[in-house]
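In: Coordinates for the following, if possible.
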Amino acid sequence: MVSRGDLSFQVVDLPDEGVDVEGEVAFSAIDVEDDGVFTFPEALSYALHLAPLDDGILVRGRASGRAVRVCDRCLEPCVVELSAPDVCHLFEHVGRTVVDLTEALREDILLALPQALLCRADCRGLCPQCGCNRNEADCGCHESGADGDADPWGALDDLELGDRA
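Out: Numbering: from 1, shown residues only. Reported below is the predicted structural model:
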């Protein structure tokens, strides 16, 4: 089996038991680019098994990598471990010529990107009054109840609502 490119494989002489392929590929090679939210400082690693079927190829394995994204609460950059542990794709009617795994792995990695991210479970975020990162310092604003930790409905307790008939 000969690789024609990063994730394109000639499968003309694919043995009945299949072939294992491992490697790394740049995220940009699967059309996943730095976009202002995520950056991808390292390559994507993959370990796949290509098995022949009657008129197709079954690809199973895993892919993983790292990305950097800012925390949703404190805006500090943090590393995100990306993992697609159950890669499974069926390529039908390939005629045992060339299989390009680029789109399939791109899909798997895009699905692994988190929609929300905290740098840690107990991230305290930014103070809404002064903007201080409350993970690094205590700005003192919370003592006045201005940091958002106070009961937002507390002011309703002071309302005097008349009896409505």
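In: Check the gap between residue 60 and residue 90 for me.
Out: Separation of residue 60 from residue 90 (CB to CB, to the nearest Å): 10 Å. Bear in mind the C-beta positions are built from the backbone N, C-alpha and C, glycine included.
In: my bad, residue 36
Out: Counting by CB to CB - residue 36 and residue 90 are separated by 35 Å.
In: Compare the two (neighbour count), which wins?
Out: A direct count of neighbours by other CB atoms under 10 Å for residue 36 and residue 90 places residue 90 higher, at 12 against 6.
In: is it true that that one touches residue 56?
Out: Yes: using CB atoms under 8 Å, residue 90 makes contact with residue 56 at a distance of 6.0 Å.
In: Output the below-cut-off pLDDT ranges for this structure.
Out: The chain contains residues with pLDDT under 70 at 1-5, 95-96, 142-152, 164-165.
In: Helices along that one, start to end?
Out: For the chain, the helices defined by DSSP state H cover 102-112, 154-157.
In: Please work out which of those is packed deepest.
Out: For the helices of the chain, the largest average neighbour count (mean count of other CB atoms under 10 Å) is found in helix 102-112, namely a mean of 17.
In: Which parts of this protein belong to which domain?
Out: 8-112, 124-151 (automatic domain parsing).
In: end to end, how far does the first one reach?
Out: I take that to be domain 8-112. With CA to CA, to the nearest Å as the measure, domain 8-112 spans 22 Å from end to end.
In: Columns distance to residue 13 on top of the helices of the chain, output as JSON lines?
Out: Compiled in JSON lines, these are given as follows (distance: least, CB to CB, whole Å):
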{"stretch": "helix 102-112", "distance to residue 13": "22"}
{"stretch": "helix 154-157", "distance to residue 13": "74"}
